[in-house]
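Asker: how would this look folded up:
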Amino acid sequence: MVNLDELIATRENGEVEFKSSFGAEAIRSLSAFSNSKGGKVFIGLNNKGGVLGVEISQESIQKWTNEIKTKTHPSIIPDMEIFEVDGENIVMIKVKECPFKPVSYKGRYYIRKHNSDHQMDIDEVTELYMKTIQYSWDSIPSPDCGSFEDLDSEKVDKFVEKVNEIGRFHFEGTPLESLEKIKLIKEGRPTLAADLLFSKGRPIHGIHIGRFKTPTVIIDDIMIHLPLLEAVEEVMWAIKKQIRVRFEFTGEPERKEIWEYPLEAIREAVINAIVHRDYRNPSDIIIKVFDDNISISNPGKLFGDITLDDLKKDNYRSSLRNVLIAESFYLVKEIEKYGSGMIRIRKELKEYPEIDLEMYEMGNFFNVVFKKRVEPREKTREKTREKTREK
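Answerer: Numbers count the residues shown, from 1 in each chain. Below is the predicted model:
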């Protein structure tokens, strides 16, 4: 049972749209809802939910239904319901999420974002289509690797050995057969994932690390072009070079290292950037180390339906842009559990109350920032006075 008063009170959002009359904009919103989680368009309301009413008949309902069907592809078949509010007719047009995405309206593709219809570019359309058919970009055959022999056999052997040692999967047979089992090789051809993981040559996609004194003054600059699994350790080594560490003596034989930033949280963010980045974008992953923050920026916004708000919760469901790469990292235990990366980062940050975590999207990049808190000036002065009194 639909509670119209409650729906109107919610205002326009990711699943509700108000229109004063039926027309092109209403059909466009329906196509956007079909490419998202479904939604409802109310005809006869202004954009604030005020009741205007609309003239309607069974003939009108049939005409609207046919127009929606003929102007969308695959054709949308909506449900319609008429309500009477304050003596005026309001029509609710409801569509479900289409199982065969993307749906186009007059040859263009839209998706619902917050309370508006966003026209998708070609990359977003491709991504939505591949997600619908459960086919990820990294499972496509690599244009640079024609056969197993084009991969670095030593890197493959180390991977197979490590997977068997960890025990999340057990390989039997030759290295070629092992990669075929986890679909890194299909019909004799290495996939893009296999190329990125075990390439013989210098990978195109890089990780650029800079040590900055100010936004325009660079102290150090490192460029890393390595197969993905090897890149993680190299990146962490480069970051550790740029941050401070102190030692704590606890009475144990070995002294305890206390790093300026939580290394495990940084490592998790680096792995997330490598695994989830959009490899169709030739831009590098950019890591900037300042005196008061470390930022990690990777090409590609959040994938699928996941939002920034979702990442702040402990029960979010991960959406994988690069399924085979993610699975390979999981098998060697670089990923502990799908959808747990941000949870582990927050857990590590509990030991560093002076560090805040920021996440945001800018352009076509996703950014994570570990930022030191700046104490209010008065509090700093008070600490200085206390130290002076102690002397």
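
Asker: Tell me which residue is most central in this protein.
Answerer: For the chain, the residue sitting closest to the mean C-alpha position, by Cα atoms, centre = their mean, is residue 302 at 2.4 Å.

Asker: Could I get the contacting residues of the residue nearest to that one when sequence neighbours are not counted?
Answerer: Closest residue in space to residue 302, ignoring its immediate chain neighbours: residue 366 at 6.0 Å, by Cβ to Cβ, 6 or more residues apart in numbering. Placement of C-beta: from N, CA and C, glycine included. Contact analysis of residue 366 by Cβ atoms under 8 Å, 6 or more residues apart in numbering lists 273, 276, 297, 298, 300, 301, 302, 359.

Asker: what comes up buried for stretch 150-165?
Answerer: Applying a neighbour-count criterion of 16 or more other Cβ atoms under 10 Å, the buried positions in stretch 150-165 are 150, 151, 155, 156, 159, 160, 163.

Asker: Can you tell me which of the contacts of residue 366 has the most neighbours?
Answerer: Among the contacts of residue 366, residue 298 has the most neighbours (other Cβ atoms under 10 Å), with 25 neighbours.

Asker: Look up the residues forming beta bridges with that one.
Answerer: residue 366 (DSSP bridges).

Asker: Quick check, pLDDT for it.
Answerer: Residue 298 is assigned a predicted lDDT (pLDDT) of 97.

Asker: And the residue nearest to the centre of the chain, how far from residue 22?
Answerer: Distance from residue 302 to residue 22, counting by Cβ to Cβ, to the nearest Å: 33 Å.

Asker: Equivalent analysis for residue 172, please.
Answerer: From residue 172 to residue 22 the distance is 62 Å (Cβ to Cβ).

Asker: Now do residue 325: how many residues are near it, please.
Answerer: 29.

Asker: Thought residue 194 was touching it, still the case?
Answerer: No: with contact defined as Cβ atoms under 8 Å, residue 325 does not count as touching residue 194 (9.7 Å).

Asker: What sits closest to residue 172 if chain neighbours are left out?
Answerer: Distance criterion Cβ to Cβ, 6+ apart; nearest residue to residue 172, sequence neighbours excluded, is residue 178 at 7.8 Å.

Asker: Who are the packing partners of the helix or strand containing the one you found?
Answerer: Per DSSP states H and E, residue 178 falls inside helix 175-181. Under the contact definition 3 or more Cβ pairs under 8 Å, 6 or more residues apart in numbering; DSSP states H and E, helix 175-181 sits against helix 153-166, strand 185-186.

Asker: nearest to residue 236, of these?
Answerer: Residue 236 lies closest to helix 153-166 among these, at 17.5 Å (Cβ to Cβ).

Asker: mind listing the helices in the stretch 1-150 of the chain by residue range?
Answerer: Assigned by DSSP state H, counting those that start in this stretch, the stretch 1-150 of the chain shows helices spanning 4-9, 24-34, 58-71, 122-132.
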